[in-house]
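In: Fold the following and give me the result.
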Amino acid sequence: MNYLDNCITDLFHLGLKKDEILLFLIKHGYYLSRSSLKRHLKRLHLYRRKNFTSINDVISFLESQLLGSGRLHGYKWMHLKCLHSGIIITQETVRLLLNIIDPHGVSLRRKRKLNSRQYFNKGPNFLWHMDGYDKLKPYGICISGCIDGYSRKVLWLKASSTNNDPKVIAGYYIENVRYLKGFPRTVRADMGTENGYVEDIQIYFHETAAVNQITDAYTVPPFIYGTSQNNQRIESWWSILRKHCGQYWMNLFSRLKDDGLFTGNIVDKSILQFCFMDIIQEELNNVVLEWNMHLIRKNRHSNCPSGRPDVIFNFPQIHNSRDHLIVVEEEHLQICEEECVFLDCPCSNNDVHDLCKIVLDELGSDKPTDPFYALNLYKELRDEILTLL
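Out: Below you'll find the predicted structure:
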C-alpha cells in the first residue's frame, strides 16, 4: 500500500466525510476530485454502508471497551471509537447494542446540561486556553492541557509527575509551537507560577515577530491571566475528560487507597506512576484524537462554528475566518527551548523508578499495557520495594 492509500485509509477510519478527506489530502499534497476519491475508496474496499463488521465482533469490541473507561462513553462517542478501530457499523446499531449490553450505563448517561454563556473568538490560534487537571494529582498523576478557543481542538493533553513546574509546562507549549511552526496571538491561563515561563516566551515571541504579521486593529496582550470562570473553554472541557476516562481512574485509585494499598507518600506515588503513567497517556492520546475528529453540533447560542475541531482548525476559510498563527523564527525557538524541561522519567523519584525497573526485570515482566495488569504489577512492586526500604 502506497502513501496515498495509507492517507486515505487513515482519514476514512477517522470518520471523516469525503469532502473532509479531500481537504486533508490537499494538505498532504494530493489534489483529487470527488469522483477519484470514490474510486480509491472502492478499490480499497472502504465503505460506510456495506461490508459491515459482524455483530459478534462489534459486541466483543464494545464489551472490551466497557471493561475500562469506555463504560463512561455515550453511543456517538463509542461509534467514533468503532470507526477509529476499523469497525464498520452504523451509529444506530451501536446505540441499540449498548442498550442491550449496558442498560445501566445508558440510563446513567441520559442527562441534559444547561447552555453555558456566550463565547467569542476570531479564529484558529487567536486564543489558546491552558490549564491543569488536578483530580488525579493526589495519586501522582498530573495532567496539563491546552485547547484552541475557536475550533475547540485540543492542542496537547499530557500526563506527568508534575503540572506545577513552569519549565515543564513551557516544554508542552514549545513542542506545540514547533509542530505548528508558529505561536498564537494570545494565551489565557489561571493565576499561578506554573504559567510564568509560557508568559515570558509569549511576550518574547511577540517582541521578536515581524510587525506585518499582526495586521488587524484588534489588539490583545500576548498573555492573559484570569480566574477559572474566565477560562471557560478548557475548564468546561475537563468535564469531557472526566466523563470519558478521568472518573474511571479516580475510582480505580480510590479503591487502592480504601484497601490500604496507597498512602500518598513519595514511594507509593512513584510506583503508581511507573505502572500507570504510560497507559494513562495512551488513553489521553485516544481521547484527544476522538474529540478532535468528533462532530460539534450547531448551537444557536454559540458564535463559534459547528463541525469537527480538527477540520475547523485547519480550514477556517470554510467558516469565513482565518488562521491567526504568527510564524516564529528558528533561532528564537531554539533560545526558548533551552529554557524548557522535557520529562523522560514518569516517576517523581528517580531512585524508586530505578528500583521498579530492577524488580520488573527480576520478575521477568514487561511494562503493563492494560489497567488490570498495571494494578497487579503495582501491588507486586509495592510489596517488593517496601521490603527493601
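In: hang on, isn't I101 packed against L62?
Out: Yes. Counting by CB atoms under 8 Å, L62 is a contact partner of I101 at 5.8 Å. In short, each C-beta sits where N, CA and C put it, glycine included.
In: of the two, who's got more company?
Out: L62 (23 against 14; other CB atoms under 10 Å).
In: For the more buried one, grab phi and psi.
Out: Per-residue torsions, L62: phi -60, psi -40 (degrees, to the nearest 10).
In: My guess is it contacts L96. True?
Out: No. Counting by CB under 8 Å, L62 stays clear of L96, with 11.1 Å between them.
In: And C347, which helix or strand is it part of?
Out: Using DSSP states H and E, C347 maps to neither a helix nor a strand.
In: neighbours of it, just the number please.
Out: Here the count is done by other CB under 10 Å, and C347 has 24 residues near it.
In: That one touches S161, doesn't it?
Out: Yes. Taking CB under 8 Å as the definition, C347 is a contact partner of S161 at 6.2 Å.
In: if I look at E362, how far off is I234?
Out: Separation of E362 from I234 (CB to CB, to the nearest Å): 43 Å.
In: same thing with D258?
Out: 31 Å.
In: which one of these two has more residues nearby?
Out: I234 (22 against 9).
In: so what's that one up against?
Out: Neighbouring residues of I234 by CB atoms under 8 Å, 6 or more residues apart in numbering: 129-131, 145-147.
In: which parts of the helix or strand hosting it are buried?
Out: Using DSSP H and E, I234 falls within helix 232-241. For helix 232-241, the neighbour count (16 or more other CB atoms under 10 Å) marks 232-235, 237-238, 241 as buried.
In: likewise stretch 131-147?
Out: Buried-residue list, stretch 131-147, by 16+ other CB under 10 Å: 131-133, 135-136, 139-147.
In: cool, stretch 12-20 as well?
Out: For stretch 12-20, using 16+ other CB under 10 Å, the buried residues are 12-16, 20.
In: what residues are shared contacts of C347 and S161?
Out: 273, 277.
In: For this structure, which residues score under the pLDDT cut-off?
Out: In the predicted model, the chain carries pLDDT under 70 at residues 1, 109-120, 210-218, 229, 300-303.
In: what residue is smack in the middle of it?
Out: The centroid of the chain falls nearest to V288 when counting by CA atoms, centre = their mean (2.7 Å).
In: wouldn't that one be in contact with V154 here?
Out: Yes. Contact criterion CB under 8 Å: V288 and V154 qualify, at 4.7 Å.
In: Would you confirm that Y47 contacts I88?
Out: Yes. Between Y47 and I88 there is a contact at 6.7 Å, judged by CB under 8 Å.
In: Between the two, which has more neighbouring residues?
Out: I88 (18 against 12).
In: Strands along the protein, start to end?
Out: Counting by DSSP state E, one finds strands in the chain at the ranges 127-133, 142-148, 154-160, 182-183, 186-190, 223-226, 326-327.
In: how many degrees apart are the second one and strand 154-160 in direction?
Out: What it means is strand 142-148. The directions of strand 142-148 and strand 154-160 differ by 170 degrees, with axes from the mean of the first three to the mean of the last three CA atoms, to 10 degrees as the criterion.
In: And strand 142-148, what does it pack against?
Out: Contact here means 3 or more CB pairs under 8 Å, 6 or more residues apart in numbering; DSSP states H and E; on that basis strand 142-148 packs against strand 127-133, strand 154-160, helix 166-180, helix 232-241.
In: And for the fifth one?
Out: For strand 186-190, the packing partners by 3+ CB pairs under 8 Å, 6+ apart come out as strand 127-133, helix 196-208, strand 223-226.
In: State the distance from N164 to N195.
Out: N164 is 10 Å from N195, by CB to CB.
In: With L46 instead?
Out: Applying CB to CB to L46 and N195 gives a distance of 44 Å.
In: next one: L333
Out: 19 Å.
In: So between these two, which is more surrounded?
Out: Applying other CB under 10 Å to L333 and N195 shows that N195 carries more neighbours, namely 23 against 17.
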